[in-house]
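**Student:** model the structure of this input:
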Amino acid sequence: MFDTNTESALNPHFIFNSMNAIRYTIFEDQEKASELLSELAQLLRYKLADGKAHTDVLEELTYVKQYLNLEALRLEERLISTVTFNNVSKHNPLSHSLLLPLVEKICHEKDIYSVQENTLTIVCSEHNKCVTFTLELTQKPGVKPGEINFDTELNLIKSSVATTIAQTLTKNSYKMELTLNYDH
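**Tutor:** This next block holds a predicted model:
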């Protein structure tokens, strides 16, 4: 949804492709199309939030779900995603729109658009003043090789939050685990 060009906040391809997918859904299921159009509007409002520097993990995960719902509509049966959170409180500040660009970057870098089967599982949990965000992508026939550079995205995090990121890659899966330590 986001362009790496700093002068452009939104990737028009995501918007146009989502709107086109919603257009076709109107003929099959008007209620679902209305819900998805509402999700797209909320997602765009969130991303364009003028002057909003921070959010919380739960709010961010809500928008990650909306993004993945729209991508699942575009990709039809080629993307199955789940987002769960365990014991995550609203008291954990997060740079506005941090997790969403990470998910979007993984989707593009691992090219979910040209793969037959994508299963994306996101789990966010909190333990001892640490929030761990784990994303696992399983693809068939296989995952595009290589780690992803998240330096640009992670530079947005406040210096009061220590971060660690780990990536694991196998033939059919990619796993990224981001830990935010609020006790730093």
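**Student:** from here on, just use CA atoms for contacts and neighbour counts.
**Tutor:** OK.
**Student:** make sure residue 174 is indeed in a helix.
**Tutor:** No - counting by DSSP: H, G, I helix; E, B strand; the rest coil, one finds residue 174 to be strand, located in no helix.
**Student:** surely residue 40 and residue 64 touch.
**Tutor:** No - applying Cα atoms under 8 Å, one finds residue 40 not in contact with residue 64, separated by 11.4 Å.
**Student:** show me the residue at the heart of the chain, geometrically.
**Tutor:** Central residue of the chain (Cα atoms, centre = their mean): residue 103, 3.1 Å from the mean position.
**Student:** nearest residue to that one in space, please, no chain neighbours.
**Tutor:** In space, and not counting its chain neighbours, residue 103 is closest to residue 64: 7.5 Å by Cα to Cα, 6 or more residues apart in numbering.
**Student:** by mean pLDDT, point me to the weakest helix or strand of this protein.
**Tutor:** Of all helical and strand segments in the chain, the minimum by mean pLDDT, DSSP states H and E falls on strand 93-95, at a mean of 74.
**Student:** quick check: next helix or strand after that strand?
**Tutor:** helix 99-109 (DSSP states H and E).
**Student:** tell me the pLDDT of the residue sitting furthest away from the middle of the chain.
**Tutor:** The C-alpha centroid of the chain is most remote from residue 27, which lies 27.9 Å away (Cα atoms, centre = their mean). Residue 27 is assigned a predicted lDDT (pLDDT) of 90.
**Student:** now it: which helix or strand?
**Tutor:** Taking DSSP H and E as the criterion, the element that holds residue 27 is helix 12-28.
**Student:** same thing with residue 152?
**Tutor:** Going by DSSP H and E, residue 152 is in helix 151-154.
**Student:** next SSE after that helix?
**Tutor:** strand 162-169.
**Student:** cool, thanks, talk later.
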